[in-house]
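Novice: the following block contains a protein sequence and its predicted model.
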Amino acid sequence: MSRIQADFLIIGSGVSGLFSALKLAPLGSVVVVTKKADYESNTNYAQGGIASVFDDKDKFEEHIEDTLNAGAGLCDLDAVKVLVEEGPTRVRELLEIGVPFTKDESGNLDLAREGGHRKHRIIHSHDRTGSAIETALLDAVHSTPNIQILENHACVDLITRHHLKEKEGLPLRCYGAYIVDTETGEVFPIIAKKTLLATGGAGQVYLHSTNPNIATGDGVATAYRAGAIIKNMEFYQFHPTSLFHEQGNSFLISEAVRGHGGILREMGGRPFMKDYHEMGELAPRDIVARAIDDTMKKRGESYVLLDITHKPANDIIQHFPTIYERCKKLGIDITTDPIPVVPAAHFMCGGVATDLFGRTNIGDLYAVGETACTGVHGGNRLASNSLLECVVFAQRIANDIQSQGKLDYAKETTNIPDWNKEGTTNTEEWILISHNLGEVKTIMSNYVGIVRSNLRLERALRRLSLISDEVKDYYKRTTVSLDLLELRNIVKVAELIVRSALLRKESRGLHFSTDYPEDRSPSRKDTIVSKNLG
């Protein structure tokens, strides 16, 4: 195909992308681009649930306060109010779409509790909430004729004035994106009136991550190259409890296990969380992750234990069927055995800077979900606010676009050239990609993990700069492929995380520096990086 035109281009097929597609379909044609099968996303791996106020004993003000407390003084209050106050309506919509949220014996939503929450407000579908939401949204999307999903396609670059044949005097605006068919290698433009980045996180920047392999920071890297403002990338949340097993890939052991009474113990059996925080196992994630990291380092151990064996076996299996089955396959019976766990890269709190309607500083370009930085999460995401953010801000993007009335393609789109691959060749040097990727992951895990220092960060940046130069040279002379695109994006996101971390001269939230362990100014200050395009 030489080119496609659509009213709306959505890059990413997680909950934010699919919910956006459903909301925009009544306004025009929608094309959703996804790198793998349409169901593969961070959403699909979200176990815990979606936080929202549904209990008569709970209040918006309490959810807001819990979010602000977790965010370490960096949350945008207006964004948090939007999230919390518009949340219940969006959750009810998910119910109407067909998401099978778990209910109690009285037929009411079964509300769980997770770390950082003072009240039971986690709506869930057992311990596979993300998968349940993704399945229901996909069913709805597949039955909507105005939506086209392109599987096995990836974004190469956003189309802006810099790609046009005539560009003088034009504002910074997005006209769509160059897309590659990862099965055929063909690159073509999708021209759109509005483009939405919904590509999820970047957990593959680190060696250990709870994210799927496709979480390579594509939206952030692509937006940065196009001139978007990127915010607060130093705040990468490590999930405190990822399964540690030699034969098993990183697998998230949900926050809900601790919310249900799970106890963190040293390998000798002693509980240790009360040594670090009065809320114990229910302390915010950054505190729990650092406590586990500190305990492992002090004792020279490779993992700690998460113990829920004091609960009745039937109760454990009923609440956590997925975790039970996954662990059982690896020889761990969580009803009788404590679970070996370690922290793993989990959620990107920073991202493409947006306003309260998902708008970026690039005209006609929106960002939503984990790719975006709305200000909701601040320096540390409160558990189960992420899925809520996806649906709340997807709706607000649709509202903003609808309020603009009749949309037309920008007249400049007639100047968009076809993709030019002259001077590039197919190469069999895939060892260069895998080697560079392994280097980046090792550098980030060793120097830019839970505990940081200026010395480590500066060392990381020097090494990443060398790798970045190698990748740029390789990219210029090599035919586009998915592996190469992902490496290019991972290196860029890694650089952005390190640069942002070096700019923050304090310890706050998820960013803990041994050089500034107590330096926390009371004022809210975001870390901003952007590419000067002239």
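Specialist: Arrived safely, thanks for sending.

Novice: would you state the helices of the stretch 301-450 of the chain in chain order?
Specialist: 313-319, 321-329, 386-403, 430-447 (DSSP state H, counting those that start in this stretch).

Novice: pretty sure Cys155 is in a helix, no?
Specialist: No: using DSSP: H, G, I helix; E, B strand; the rest coil, the assignment for Cys155 is strand, not a helix.

Novice: that one reaches Asp181, doesn't it?
Specialist: No: checked against Cβ atoms under 8 Å, the pair Cys155 and Asp181 is beyond contact range at 12.0 Å. Any C-beta I mention is one placed from the backbone N, CA and C, and that applies to glycine too.

Novice: with neighbour numbers in mind, choose between these two.
Specialist: Using other Cβ atoms under 10 Å, the more surrounded residue of Cys155 and Asp181 is Cys155, with 25 against 16.

Novice: hang on, the earlier thing: and the helices of the stretch 301-450 of the chain, which is most packed in?
Specialist: Most buried of the helices of the stretch 301-450 of the chain, by mean neighbour count (mean count of other Cβ atoms under 10 Å): helix 386-403, with a mean of 23.

Novice: which secondary structure elements does that helix contact?
Specialist: Under the contact definition 3 or more Cβ pairs under 8 Å, 6 or more residues apart in numbering; DSSP states H and E, helix 386-403 sits against helix 15-24, strand 50-51, helix 77-97, helix 129-142.

Novice: of the ones you listed, which is nearest Lys329?
Specialist: helix 129-142 (17.4 Å; Cβ to Cβ).

Novice: quick check: buried residues in the closest one?
Specialist: Neighbour-count burial for helix 129-142 flags 129-138, 140-141 (criterion: 16 or more other Cβ atoms under 10 Å).

Novice: which two of these have the greatest separation?
Specialist: For the buried residues of helix 129-142, and using Cβ to Cβ, no pair is farther apart than Thr129 and Val141, which are 18.4 Å apart.

Novice: which residues in the stretch 101-250 of the chain form helices?
Specialist: All helices of the stretch 101-250 of the chain, identified by DSSP H, counting those that start in this stretch, fall at 129-142, 218-226.

Novice: need these in TSV with mean pLDDT and distance to Leu207, can you?
Specialist: TSV is the format used below for these (pLDDT from 0 to 100; distance: least, Cβ to Cβ, whole Å):
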stretch	mean pLDDT	distance to Leu207
helix 129-142	91	23
helix 218-226	98	19
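
Novice: can I get the ones you listed in JSON lines including distance to Ile4?
Specialist: Converted to JSON lines, these look like this (distance: least, Cβ to Cβ, whole Å):
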{"stretch": "helix 129-142", "distance to Ile4": "18"}
{"stretch": "helix 218-226", "distance to Ile4": "18"}
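
Novice: what's the neighbour count on Ala501?
Specialist: By other Cβ under 10 Å, neighbour count at Ala501 equals 24.

Novice: spit out the contact partners of it.
Specialist: For Ala501, the contact set (Cβ atoms under 8 Å, 6 or more residues apart in numbering) comprises 233-234, 448, 452, 457, 511, 513.

Novice: again, but for Glu278
Specialist: Per Cβ under 8 Å, 6+ apart, neighbours of Glu278: none.

Novice: any idea which element it lies in?
Specialist: Applying DSSP states H and E as the criterion places Glu278 outside every helix and strand.

Novice: which stretch among the helices of the stretch 101-250 of the chain comes nearest Gly262?
Specialist: Checking the helices of the stretch 101-250 of the chain against Gly262 by Cβ to Cβ gives helix 129-142 as the closest, at 17.8 Å.

Novice: from the contact counts, what lies against the closest one?
Specialist: If you count contacts as 3+ Cβ pairs under 8 Å, 6+ apart, helix 129-142 packs onto helix 15-24, helix 77-97, strand 147-150, helix 386-403.

Novice: again, 6 Å this time
Specialist: Applying 3 or more Cβ pairs under 6 Å, 6 or more residues apart in numbering; DSSP states H and E, one finds that helix 129-142 makes contact with helix 15-24.

Novice: quick one: contacts of the helix it packs on?
Specialist: Contact partners of helix 15-24, identified using Cβ atoms under 6 Å, 6 or more residues apart in numbering, comprise 8, 10, 30, 32, 43, 133, 137, 140-141, 147, 196, 198, 368-369, 390-391, 394, 398.

Novice: using CSV, write out every CA atom in the biggest helix by length in the chain.
Specialist: For the chain, the helix reaching the highest residue count under DSSP state H is reported as helix 454-477. As requested, the backbone C-alpha atoms of helix 454-477 are provided in CSV (Å, rounded to 0.1, in the frame of the first residue of the first chain):
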residue,chain,number,x,y,z
ASN,A,454,25.7,11.2,40.1
LEU,A,455,28.8,9.0,39.5
ARG,A,456,26.6,6.1,38.3
LEU,A,457,24.4,8.4,36.2
GLU,A,458,27.3,10.2,34.5
ARG,A,459,28.9,6.8,33.7
ALA,A,460,25.7,5.6,32.3
LEU,A,461,25.3,8.7,30.1
ARG,A,462,28.8,8.4,28.7
ARG,A,463,28.2,4.8,27.7
LEU,A,464,24.7,5.4,26.3
SER,A,465,26.1,8.3,24.2
LEU,A,466,28.5,5.9,22.5
ILE,A,467,25.8,3.3,21.9
SER,A,468,23.5,6.0,20.6
ASP,A,469,26.1,7.1,18.0
GLU,A,470,26.5,3.5,16.8
VAL,A,471,22.8,3.0,16.5
LYS,A,472,22.3,6.3,14.5
ASP,A,473,25.0,5.2,12.1
TYR,A,474,23.5,1.7,11.8
TYR,A,475,20.0,3.2,11.3
LYS,A,476,21.1,5.5,8.5
ARG,A,477,22.5,2.7,6.3
